[in-house]
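> sharing a model prediction with you, sequence too.
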Amino acid sequence: MITITHFLIVSAILFSIGLYAIIAKRNAIMILIGIELIINAAILNFVAFGKYDKVNYAGQIFALFAIVLAAAAVAVGLAIILTVYRKYKTINPDKITDLRD
Amino acid sequence: MSILENISPIYAAIIVVALPFAAFIIQAILGKKSQSGNISLIAISLSTLISLVFVFAEIWQNIPRSATQPWFTIGVNTFTVGILLNNLTVLMQLIVCVIALPVHIYSRSYMKGDPGIHRYWMYLSLFCFAMLGLTISKNLFMMYIFWELVGFASYLLIGFWFTKESAVQANKKAFLINRIGDLGFLIGIACVFTMYGSLDLVELFGKEGLFYEKHIDNPVLISMAGLGFFLGAMAKSAQFPLHVWLPDAMEGPTAVSSLIHAATMVAAGIFLLSSVFPLFNQTVLLCIAVIGAITAALSAYFALAQTDIKRILAFSTISQLGFMMVAIGVGAWDAAMFHLVTHAFFKCLLFLGAGAVIHEMAHLKHDSQLDFDPQNINNMGGLRKYMPKTFILMCIASLALAGFPLTSGFLSKDAILISTFEWAIEQGPAYLLIPITLTLVSILTAFYIGRLIFKVFFGSFKLNLAHVSLHDANKTMLWPMTFLGVCSLFFVFSLNPISYHEAKILNGFYVDYGFAEIHSLHILIPIGLTLASTLAWIIGWKWYVKGNYPLNANGKAITFSLNQGYINQFYQNTFVEGTLKLSKGLYWFDRTIIDGLVNLLGTVVQSMGRMSAWIDKYIVDGFINTLGQTTYYIGHLLRWVQNGRLQNYLGFAFTVLLIGIIYLILT
């Protein structure tokens, strides 16, 4: 039988993969995907925990909200990436170090 | 003429002193242009004339005169300068003039052609000025000034041939030894001033002078004053053990030796002691007599073996000065002055004669191209054939020196000897040693001067030359010598040739002897001495003329005498070497200890500075720098964090979050 622990483990794996992708990838798109993976890990947790809230389905609702938010965030992120690409001709975050003084 | 007759002896005496000084100044200004010496000669001639006519004739056996002028005041004490004319001073002044004049005339010929002759006349005039000034000084302080000037002038004259190393050494020696005496003189002056508060000779020793009025009960101070003056006289009059400068002073021109030896510089000591005679107490007098006797004996002994003609005469002078010292020591300073005067003439003559001989020998040396010492009597012999006039004059002077009857030396020497005998008999048997020494010295004197005459004028000429061209000196040199020769005879001083009591000079001083007259001595001593002297001559004749010389020329006694008793070596080893060693020691001390200490201190300070610098650099600055660097590193560390890379920021953020979570879990 699949218990909540299995969900949490999968979620943690997803989170870790996502985190790794955010920190290590040399491509802004992949970073966005990493963010998506983290959000997905969070959504998975929401959904898993939502099993214990059979009255309001708050978990499922939050998951829906989060999916919408993620889609919006990706849209924003893509827009930023496009703008950055236009300015720097690259989307490798290692090379975009203008935040530094 | 009436103005001339009424001229004051005081002013005349000042003129006598001033003339040679003027000559000195003129010679100094003219420099090399004036070589004839006429200026000096005129000055000294006028001095002699004035001294004789206006000073000596006026004062001698008359009332003494004096003049005083205040000079400067220190506190309440006023120092004065003044002229004192009494029998003693006018006699001394006249003798200096009368001896200086023939020496000047003689020098004209003797020094002719010398490249430094203009200097010679200058120095000679300076010397005469100093000596004449010394004679008539009324004040001990003024006397001291002239005393120093005499020393300085003699320094110049002895070192006249200053290119000769020996002359330079000799004048240095003379000057240094005279400085010792000057110190004594100064101590004497200081003591007298302490006791009486005055340096005026009349105020001190006059008939109602301080010396008799103000009783000072301090025998030590009085003795010290006396000994101080005696020390001054010892150096000037070349008394043992300060006699060493005089034989070396022979390095000067012979005419100078003659002047210095006869009446001037070396006589100054006797003159000084006669001037301050009342000051001496019994201790000092005995000391003077003993030193005089030792000097007379030692130098007569040294004269025996000398080969340098001038050195024999130099030792003879020292010996005769010893006689005079003894006379002062026994209280018969009039006899000392009398001997000084007679000695001045014959010793001056002896030197001038020796100068004539040396002059001829030097010419011979020059003509023959041979290298020999023109002053060594071993190179001479038989000169009486070539220089008969010089020979006769030298014989007269030698007889006078030996104290032969009919000469002046006979009178004065007997005066001293008999007085000394009388004094010794009065004092006690132990004191007889002094007159007996003097008697022996008299016989030795006859012997050594006989040796000189025999070796120089008798026998055959020692040098092996084909052609000997020696002749008497020219008239300019012979006349002064003849004058001195005449003055060496008895009638100049006393009409009675055998009794000194009738001597005019001796009677000029009214000295109260402290001893009784013993009549038998007045006959015994002259006869005995004459016989003994004749015997000495006979022995000398046999030894030196006949050639029966019985002694080993390298014998110990003769070598000892020839080397002047090794006194010079002793001084060299003790004082000169000692001083050099002391100086070296002090130099070492200065270099090693003093400088070492200073250097050590320097090094210590330097090290301390270095240490401070190190502390400052590494500890103080180091602390600050470490602080700064630490801050810098921390800053650097943080700067590295803020590298503008998004992923890094995220990584940090996550890490911090993780740490936070772990922290929360753990707590």
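Good, I have the coordinates. Numbering: from 1, shown residues only, chains lettered A, B, ... in the order given.

> show me the shaky parts of the stretch 151-300 of chain B.
B:263 (pLDDT under 70).

> what number of residues lie near the residue of it found nearest chain A?
Across the stretch 151-300 of chain B, the shortest distance to chain A (Cβ to the nearest Cβ) belongs to residue B:172, at 92.4 Å. Yep, even glycine has a C-beta here, placed from its N, CA and C like the rest. Using other Cβ atoms under 10 Å in any protein chain shown, residue B:172 is surrounded by 15 other residues.

> ignoring the adjacent residues along the chain, who's closest to it?
residue B:159 (7.6 Å; Cβ to Cβ, 6 or more residues apart in numbering or on different chains).

> that older thread, give me the three-state assignment for the residue of the stretch 151-300 of chain B closest to chain A.
Here residue B:172 is helix, with the state taken from DSSP: H, G, I helix; E, B strand; the rest coil.

> residues from chain B in reach of chain A?
Within reach of chain A by Cβ under 8 Å from any Cβ of the partner chain, chain B has these residues: B:642-647, B:650-651, B:654.

> same thing but 10 Å
By Cβ under 10 Å from any Cβ of the partner chain, the residues of chain B that approach chain A are B:639, B:642-651, B:654.

> now these in a markdown table, with pLDDT?
What follows is these, written out as a markdown table (pLDDT from 0 to 100):
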| residue | pLDDT |
| --- | --- |
| B:639 | 79 |
| B:642 | 76 |
| B:643 | 75 |
| B:644 | 74 |
| B:645 | 76 |
| B:646 | 78 |
| B:647 | 81 |
| B:648 | 81 |
| B:649 | 82 |
| B:650 | 83 |
| B:651 | 85 |
| B:654 | 87 |
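
> write the ChimeraX selection for whichever of those are buried.
The following ChimeraX line selects those of the residues of chain B next to chain A that are buried, judged by 16 or more other Cβ atoms under 10 Å in any protein chain shown:
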select /B:645,646,648,650
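
> kindly reformat the residues of chain B next to chain A as a markdown table containing secondary structure.
Converted to a markdown table, those look like this (three-state DSSP):
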| residue | secondary structure |
| --- | --- |
| B:639 | helix |
| B:642 | coil |
| B:643 | coil |
| B:644 | coil |
| B:645 | coil |
| B:646 | helix |
| B:647 | helix |
| B:648 | helix |
| B:649 | helix |
| B:650 | helix |
| B:651 | helix |
| B:654 | helix |
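
> can you verify residue B:81 is assigned to a strand?
Yes. The assignment for residue B:81 by three-state DSSP puts it in a strand.

> is it true that it touches residue B:145?
Yes. The pair formed by residue B:81 and residue B:145 meets the contact definition of Cβ atoms under 10 Å, at 9.0 Å.

> which residues are in contact with both of those two?
Counting by Cβ atoms under 10 Å, 6 or more residues apart in numbering or on different chains, the shared contacts of residue B:81 and residue B:145 are B:137, B:139.

> on that earlier part again, and for the residue nearest to residue B:172, the neighbour number?
23.

> I'd guessed it sits against residue B:167; true?
Yes. In this structure residue B:159 lies within contact range of residue B:167 using Cβ under 10 Å: 5.2 Å.

> need the overlap of contacts for those two.
Counting by Cβ under 10 Å, 6+ apart, the residues touching both residue B:159 and residue B:167 are B:249, B:251-252.

> hey, where'd the helices end up in chain A?
For chain A, applying DSSP state H gives helices covering A:4-24, A:28-50, A:58-88.

> tell me which of those helices lies nearest to chain B.
helix A:4-24 (4.9 Å).

> and that closest one, what does it pack against?
In terms of contacts (3 or more Cβ pairs under 10 Å, 6 or more residues apart in numbering or on different chains; DSSP states H and E), helix A:4-24 is packed against helix A:28-50, helix B:646-666.

> most tightly packed of those?
The highest mean neighbour count among the helices and strands packed on helix A:4-24, using mean count of other Cβ atoms under 10 Å in any protein chain shown, belongs to helix A:28-50: a mean of 19.

> that helix vs helix B:646-666, what angle?
Calculated by axes from the mean of the first three to the mean of the last three Cα atoms, to 10 degrees, helix A:28-50 forms an angle of 30 degrees with helix B:646-666.

> touching chain B at all, helix A:28-50?
Yes. Using Cβ under 10 Å from any Cβ, helix A:28-50 reaches chain B at A:28, A:31, A:34.

> I'd like the average pLDDT over that helix.
Across helix A:28-50, the average pLDDT comes to 90.

> using CSV, write out every CA atom in that helix.
Coordinates of each C-alpha in helix A:28-50 appear next as CSV, following Å, rounded to 0.1, in the frame of the first residue of the first chain:
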residue,chain,number,x,y,z
ALA,A,28,18.2,29.6,-17.7
ILE,A,29,15.5,27.3,-19.3
MET,A,30,16.7,24.4,-17.3
ILE,A,31,16.6,26.6,-14.2
LEU,A,32,13.0,27.4,-14.9
ILE,A,33,12.4,23.7,-15.2
GLY,A,34,14.1,23.2,-11.9
ILE,A,35,11.8,25.7,-10.4
GLU,A,36,8.9,23.9,-11.9
LEU,A,37,10.1,20.6,-10.4
ILE,A,38,10.3,22.2,-6.9
ILE,A,39,6.8,23.6,-7.3
ASN,A,40,5.7,20.2,-8.4
ALA,A,41,7.3,18.7,-5.4
ALA,A,42,5.4,21.2,-3.3
ILE,A,43,2.1,20.5,-5.2
LEU,A,44,2.7,16.7,-4.7
ASN,A,45,2.9,17.4,-1.0
PHE,A,46,-0.2,19.5,-1.0
VAL,A,47,-2.1,16.8,-2.8
ALA,A,48,-0.7,14.1,-0.5
PHE,A,49,-1.6,16.1,2.6
GLY,A,50,-5.0,17.0,1.0
